[in-house]
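K.L.:
Provide a 3D model corresponding to the input given below.
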Amino acid sequence: MTALRRARVPIPARLVALAAAGATALLGLPAAAVAAGPANSPTLLAPQSGSQLSASWTGPLSTRGRYIVDADGNRFKLKAGNWSGAQGTWEGSGSTTDPADNQAGQVSNDIPLGLDRAPLATIMADLHGLGLNAIRLPFADALIHDTSTVPDSAVAANPQLKGDTPLQVYDAVVAALTADGFAVILNNHTTSYRFCCGLDGNERWNSGQSTQQWEADWLFMVNRYKANKRVVGADLRNEVRRDTWDDPNWGMGDSHDEYSAFEEAGNQILQADPDMLVVMEGINWYGIPTAVTSHGRPMLTPVATLSNTLIDSGKLVYSAHFYAYTGPANTGAGSGLGATSDPRYEDFTPDQLAQVVNQEALFVTQSGQHFTAPVWVSEFGAAGRGESDTKEQAWFDNFTGILAANDTDFAIWPLIGWLDGNGNPQDNWAMVSYSSAGRRLGVEDGGDWRATDWNKLVSAPSLTGPVAPVNHWNLLDLDHTDQDVSAAMLAQPDWSYGNRKGNCPDTERLVGLGRSDSRGLCTDAGQPAPSGAAPTAVTDERYVTEGDWASGYNKLQCPDNTFATGYSVNGNAMSALLCTPAAKALPTGGHDVWFDHGDNRPATGGSTASDWAPGYYKGQCADNEYLAGVAYTWKWLHYGVPDALLCRPLN
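P.N.:
Next comes the predicted model:
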């Protein structure tokens, strides 16, 4: 949750001049789909009971292209909300127990909000009433190490939890949610219990702790809930952003590299529990927000040219956050340090908003690319009951229209809040609020302007039923270090000592290489079945047996009936190919693909609409071919980088 609040500022025309024409085309939407909401207010579909929701899907979850599916291969759209509190509500000064020093005057005692006011069974029923099927459940790393017990008053409506630690209370909430059929996504929101965001000491996964400790905490949580197949995902970190001095980055290979840290953690999680979804946000903020310094909210834009590859290609979900008062280059600050004149999301026309949402997030759902994955808008929301901000209301209408029209997975922020002594929500962003006596006031109880848009979103037509299996294309990045995303090879000794190595996931083969940048492309399109025999590391020309297919060049060629599944480089020069035996004979013959003077990629298929080695020539075999060899030379100042591929037919 972005904690900053807004102030109205004028919008420079130069920043608003986005190409509105074509915005709906980018998303595949008719203009009406992102315009103002429907004339007739939709009603919420009849909510499911716990038993009905439990019977409607089977865990674990995985992905097929842009969709999340259950264990039976049926679409499981995340219709979710954030049950906050266990990440902490203290705002960083004063007393942790003084309501005045906690977010919206709500003291969570570092457990999910509302347990002092309503029994778990009541909260479950109210969450069903919102039409949800999943819960994003934030936690702080501090929760894992906290051995104190929560005050009895913090669980007054749930006395069975008295004497429990915050983690034990979190356990009970997970158990209640999953027993009632909800999918639970664990969300590492903060390091300490301080309420996020901004400069709060929780900016990065390794703010206030080491990367190794963060990874260890994740493995603790994954192993703790491993037996519960309705705990479906690990949302790695909330809103990664700049701290006082330094920016996070995407792909620089240093200690602030979110791309590499998330991939490393994700693969450790999948080795511990292969059933988990791994959810990755992009960079929420970089730079210093002044008129003379670079700054912005890139979110998922870096994924277009540097996407993550996990040891299981069916487990990656990307996520993004949108709030009306923030913007692509606006922190959301109302005044003072951090406030700029950059437009906010609420300042865009419907077409402009659709374009921006596509550029920062929804482009990832484009099929058949190296970055293709589901996108979960895991936070969005607006102030509801009592709010009269017409710009925010229009934004919420437009934004929920975009989500509905794109069949996008979502999670609103937040779900649970408190009512004050006068019966008014203390946090009017909450979807359901409870008084100290347990009286409920929710978005569906009348008087909350968000109800129409919420019902429109939850009841929107969606793809349901079986989702067909898809082909994958995944990027290998050896820019700074090894990228071993083969579970089988991770268990083996170093196959090319002293060189940087890339290994495709076990279900995929190498299909392309970049020239001079050590990038590679893997796929499982038409994947030949491996025999199970040990792969061969090829470092010389001993297997060039069907003629010299690149005269005058050095060649690394796989033995017959094997296909390339990995490669190694020294600098950017070729060092070795890793070749995996096929279960049946593979055709030989084939053809050269030269890319020493320009790209040489298939006209269709094969992630051809995306750039996986920006600024460098790329060579790529067709989807119905396998890569059997690489040619390179040290002559003519080519420095041993790949110049040609030997591509052979799969059948």
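K.L.:
what's the distance between the closest residue to Ala550 other than its chain neighbours and Arg519?
P.N.:
Counting by C-beta to C-beta, 6 or more residues apart in numbering, Ala550 lies nearest to Ala631, which is 3.5 Å off, once chain neighbours are set aside. To be clear about C-beta, it is placed using only N, CA and C from the backbone, and glycine gets the same treatment. Ala631 is 17 Å from Arg519, where distance means C-beta to C-beta, to the nearest Å.
K.L.:
Please report phi then psi for Asn249.
P.N.:
phi -140, psi 170 (degrees, to the nearest 10).
K.L.:
Gly94: what's it in contact with?
P.N.:
Ala100, Asp101 (C-beta atoms under 8 Å, 6 or more residues apart in numbering).
K.L.:
Could you check the pLDDT of it?
P.N.:
The per-residue pLDDT reported for Gly94 equals 96.
K.L.:
where does the residue nearest to Ala550 land in three-state SS?
P.N.:
Put simply, Ala631 is strand when judged by DSSP: H, G, I helix; E, B strand; the rest coil.
K.L.:
now it, which residues is it bridged with?
P.N.:
Lys555, Ala644 (DSSP bridges).
K.L.:
Would you mind confirming that Lys456 is in contact with Thr400?
P.N.:
Yes. Counting by C-beta atoms under 8 Å, Lys456 does reach Thr400; the two are 6.0 Å apart.
K.L.:
ok, these two, which is more surrounded?
P.N.:
The neighbour comparison of Lys456 against Thr400 (other C-beta atoms under 10 Å) goes to Thr400, with 25 against 21.
K.L.:
ok but the more buried one is inside a helix, no?
P.N.:
Yes. Secondary structure of Thr400 (three-state DSSP): part of a helix.
K.L.:
ok now do it, which residues does it touch?
P.N.:
By C-beta under 8 Å, 6+ apart, the neighbours of Thr400 are Gly37, Asp453, Trp454, Lys456, Leu457.
K.L.:
Just checking, which of the residues you listed comes out lowest on pLDDT?
P.N.:
Gly37 (39).
K.L.:
got a list of what Asn330 touches?
P.N.:
Per C-beta under 8 Å, 6+ apart, neighbours of Asn330: Pro289, Arg297, Thr340, Asp342, Pro343, Arg344.
K.L.:
how much space is there between the fourth one and Ala583?
P.N.:
When C-beta to C-beta is the yardstick, Asp342 and Ala583 sit 56 Å from each other.
K.L.:
higher neighbour count, the two?
P.N.:
Per other C-beta under 10 Å, whichever of Asp342 and Ala583 has more neighbours is Asp342, with 22 against 12.
K.L.:
So that one sits against Ala329, correct?
P.N.:
Yes. At 3.9 Å, Asp342 counts as touching Ala329 under the criterion of C-beta under 8 Å.
K.L.:
For Leu113, what is the enclosing helix or strand?
P.N.:
Leu113 belongs to no helix or strand when elements are defined using DSSP states H and E.
K.L.:
Spatially nearest residue to it (excluding sequence neighbours)?
P.N.:
Per C-beta to C-beta, 6+ apart, closest to Leu113 is Gly85, 3.8 Å.
K.L.:
what's the neighbour count on that neighbour?
P.N.:
30.
K.L.:
So it, which state does it fall into?
P.N.:
Look at Gly85: counting by three-state DSSP, its state is coil.
K.L.:
got a list of what it touches?
P.N.:
Contacts of Gly85 (C-beta under 8 Å, 6+ apart): Ser108, Asp110, Ile111, Pro112, Leu113, Gly114, Pro138, Ile416.
K.L.:
again, only using 7 Å
P.N.:
Going by C-beta atoms under 7 Å, 6 or more residues apart in numbering, Gly85 touches Ser108, Ile111, Pro112, Leu113.
K.L.:
Surely the last one and Ser84 touch.
P.N.:
Read that as Leu113. Yes. Counting by C-beta atoms under 7 Å, Leu113 touches Ser84, with 6.2 Å between them.
K.L.:
residue ranges of the helices in this structure, please?
P.N.:
13-16, 23-27, 50-56, 120-129, 141-145, 166-179, 211-224, 258-272, 350-360, 390-405, 451-458, 487-490 (DSSP state H).
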